[in-house]
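1. Return a 3D structure for these sequence lines:
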Amino acid sequence: MSNVIVFMSDEHNPRYSSPYGHDFVQTPNMQRLADSGTLFSNAYCPSPLCVPSRSAFLTGKRVHAVQAYGNNRNYIPEETNGLGTVLDGQGVHTVFVGKVHAYRPVSELGFSETPLANDGPFFFDRDQQRQPLAVRQGASARFDKYGPHESPWGNDVKYMDAAVNWLSTRASRIDRPWVLFVNLVKPHFPHYCNQRLWDMYKEHGDLPEHGVEAATAQHPYAVDLRTHFELEDIPEEHVRGLRRGYYACVSFIDEQLGRLQSALETSQLAENTNLIYTSDHGEMLGKFGLWWKCNLLEDAARIPCIAAGPDFSAGTRVTTPVDLHDVQASLFSLTGATRPDDWIGESLPSLPVSDPERVVFSEYHGHGARAGSFMMRRGNWKLIHNVEAPNQLFDLNADPEELNNQFESNQSKAKELSVALADICNPESEHRRAEAFWQMQATRHQEESAG
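-> Predicted structure coming up:
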């Protein structure tokens, strides 16, 4: 049995890091973690949005089973048997630090300790409406929010201070296996940073390689997102500035990872502690004219997953597709706890380096698209089933940038993945269920607001 640290950032597209092949984004601590451990090169989120992704991770369920469809947390059915409660009930000490943004307040999630945590606002977001599609008025005001700022990191440094302090003063006194969850907000927008990291990328205020001219950018769901977020006609200087600021924010997260690594070594805990770095979803960063997440293309749905410690092989690269449920499953196997039989996922150390048959699933029901979408990844192939728009099929080996939709030209592969999807859920049925849930949320909110 060993201990585990799960360090989860917010909105980190793994392609913007050196272990995943980026040529100038400086992430030496992520690289050190990968060199001393295992990098999972095809890792995905359960849903490319904060509340759905984090809620699925904390419950061991699919997003549609939790019914955390979007960032609205009002009236989500109560779930009392989440990750913190189950682990703590089996004698695993659990500590939660930082951003929560999940289906319930952190006080109801059953963690043994919460030294410093922030639930985030439980407000009702009317712009989650999809039929008809809501336009998020004022979203375009986000586009000048980058560069040096007086307080660029929000509470992230305080969260990391709390985590490092716990490792330094409390961890060695815990007489049972423990799991420390550290959740920071960066590199989530706004892309503010300090002057030092801004200057680090002074030569790299670049533009996306693939913009709105690409065929994928003309897909109805991509058009929906640009409409919803007012993404047309963004000044080039802002595109360059936001990308430069994002690189700086990724390097900030890397520096915080370095603080955790140093704290482990200083506290002499490294020999019996596994450290997993991941994120809740990715970031489009201007590709196809899209920003943030809210879709199932690679840049939004992919996440970093790098793990090192006594239970992970050094210098190993795993191509088998994985997701956050596999990170969750690992917490049980590594600490010796027994996982509920109906929870999803497999322990990361148990997975083969290359399994072309393993399937990973993600889904999106939130704001910015007219209807739900569902993703299946198996081997090099990826299907996106779009409920009210053309489906998409990509060969990620030949077409990693998702420029060539092969759904019509490769019907045999499309059918194969559609059958695998049907084994998990009925997309049309789950879409209708999500829409009914939204209508209930909106009606109850209106009734309560009226008094």
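2. I'd say S267 and W166 touch.
-> No - checked against Cβ atoms under 8 Å, the pair S267 and W166 is beyond contact range at 10.0 Å. For the C-beta atoms, the positions are set from N, CA and C on the backbone; glycine is no exception.
3. Could you check which of those two is surrounded by more residues?
-> W166 (21 against 17; other Cβ atoms under 10 Å).
4. Check the secondary structure at the more buried one for me.
-> helix (DSSP: H, G, I helix; E, B strand; the rest coil).
5. For it, which residues are in contact?
-> Contact analysis of W166 by Cβ atoms under 8 Å, 6 or more residues apart in numbering lists V95, V97, E113, P115, L180.
6. could you point out the longest strand in this structure?
-> In the chain, taking DSSP state E as the definition, the longest strand is strand 178-187.
7. and it, which strands flank it?
-> strand 3-10 (parallel), strand 93-99 (parallel) (DSSP bridges).
8. of all these, which lies closest to E79?
-> E79 lies closest, by Cβ to Cβ, to one member of the strands paired with strand 178-187: strand 93-99, at 15.8 Å.
9. thought L297 was touching E283?
-> No - judged on Cβ under 8 Å, L297 makes no contact with E283 at a distance of 11.2 Å.
10. neighbour-wise, which of the two wins?
-> Neighbour tally, L297 and E283, criterion other Cβ under 10 Å: the higher count belongs to E283, 29 against 26.
11. Enumerate every residue touching that one.
-> E283 neighbours (Cβ under 8 Å, 6+ apart): E11, H12, N13, Y16, P187, Y246, W291, W292, K293, D299, A300.
12. now do R126
-> Contacts of R126 (Cβ under 8 Å, 6+ apart): A134, A442.
13. ok, now the one 4 residues further on?
-> Listed by Cβ under 8 Å, 6+ apart, the contact partners of R130 are H367, A369, R370, A371, E435, W438.
14. what do you get for L180?
-> L180 touches N3, V4, I5, V6, V95, V97, A163, W166, L167, A171, counting by Cβ under 8 Å, 6+ apart.
15. how about 7 Å then?
-> I5, V95, A163, W166 (Cβ atoms under 7 Å, 6 or more residues apart in numbering).
16. my guess is the second one meets L109, correct?
-> This points to V95. No - using Cβ atoms under 7 Å, V95 is not in contact with L109; the gap is 11.9 Å.
17. For the longest helix anywhere in the chain, the averaged confidence score.
-> Selection of the longest helix in the chain by residue count, based on DSSP state H, yields helix 236-266. Helix 236-266 shows a mean pLDDT of 98.
18. try stretch 444-451
-> pLDDT averaged over stretch 444-451 gives 87.
19. With respect to R240, which of the contacts of L180 is nearest?
-> Distances from R240 to those, taken by Cβ to Cβ, are shortest for A163, at 33.5 Å.
20. On the three-state scheme, that closest one is what?
-> With three-state DSSP as the criterion, A163 reads helix.
21. In contact with it, which residues?
-> Contacts of A163 by Cβ under 7 Å, 6+ apart are V97, L180, V182, L260.
22. That one and L184, how far apart?
-> Distance of A163 to L184, given as Cβ to Cβ, to the nearest Å: 9 Å.
23. One more: L207?
-> For L207, the distance to L184 (Cβ to Cβ) stands at 27 Å.
24. Equivalent analysis for A314, please.
-> A314 is 26 Å from L184, by Cβ to Cβ.
25. what about these two, which has more around it?
-> Applying other Cβ under 10 Å to A314 and L184 shows that L184 carries more neighbours, namely 27 against 10.
26. who touches the more buried one in this structure?
-> If a contact means Cβ under 7 Å, 6+ apart, then L184 has S9, D10, G98, K99, D156, Y159, M160, I253, Q256 as its contacts.
27. Rebuild the contacts of R130 as TSV, extending it with neighbour count and pLDDT.
-> Shown next, in TSV, are the contacts of R130 (neighbours: other Cβ atoms under 10 Å; pLDDT from 0 to 100):
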residue	neighbour count	pLDDT
H367	24	96
A369	25	95
R370	19	96
A371	22	97
E435	18	96
W438	19	94
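28. Give the buried residues for the lowest-mean-pLDDT helix or strand in the chain.
-> The weakest-scoring helix or strand in the chain, judged by mean pLDDT, DSSP states H and E, is helix 427-449 (a mean of 94). By neighbour count with 16 or more other Cβ atoms under 10 Å, helix 427-449 contains the buried residues P427, E430, H431, R433, A434, E435, F437, W438, Q441, A442, H445.
29. Remind me what that helix packs against, helices and strands.
-> The contact analysis (3 or more Cβ pairs under 7 Å, 6 or more residues apart in numbering; DSSP states H and E) places helix 427-449 against helix 63-66.
30. Can I get the helix it packs on as CSV, trimmed to CA atoms?
-> Output in CSV follows, covering the C-alpha atoms of helix 63-66 (Å, rounded to 0.1, in the frame of the first residue of the first chain):
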residue,chain,number,x,y,z
VAL,A,63,-21.9,12.3,-16.3
HIS,A,64,-25.3,11.3,-17.5
ALA,A,65,-25.7,9.0,-14.5
VAL,A,66,-24.7,11.8,-12.0
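31. tell me what that helix is packed against?
-> Contacts defined by 3+ Cβ pairs under 7 Å, 6+ apart place helix 63-66 against helix 50-59, helix 427-449.
32. Please tabulate those in CSV, including the columns distance to H385.
-> Listed next are the helices and strands packed on helix 63-66 as CSV, based on distance: least, Cβ to Cβ, whole Å:
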stretch, distance to H385
helix 50-59, 17
helix 427-449, 5
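33. Could you check how many residues crowd around A171?
-> With other Cβ under 10 Å as criterion, A171 counts 19.
34. How many residues are close by the closest residue to it other than its chain neighbours?
-> Spatially, and ignoring its direct neighbours in sequence, A171 is nearest to L269 (5.8 Å; Cβ to Cβ, 6 or more residues apart in numbering). L269 has 19 neighbours, counted by other Cβ under 10 Å.
35. can you pull up the bridge partners for the closest residue to Y246 other than its chain neighbours?
-> In space, and not counting its chain neighbours, Y246 is closest to H191: 5.0 Å by Cβ to Cβ, 6+ apart. According to DSSP bridges, the partner residues bridging H191 are Y146.
36. What does the pLDDT read for N74?
-> 86.
37. And for A68?
-> We note a pLDDT of 95 for A68 in this prediction.
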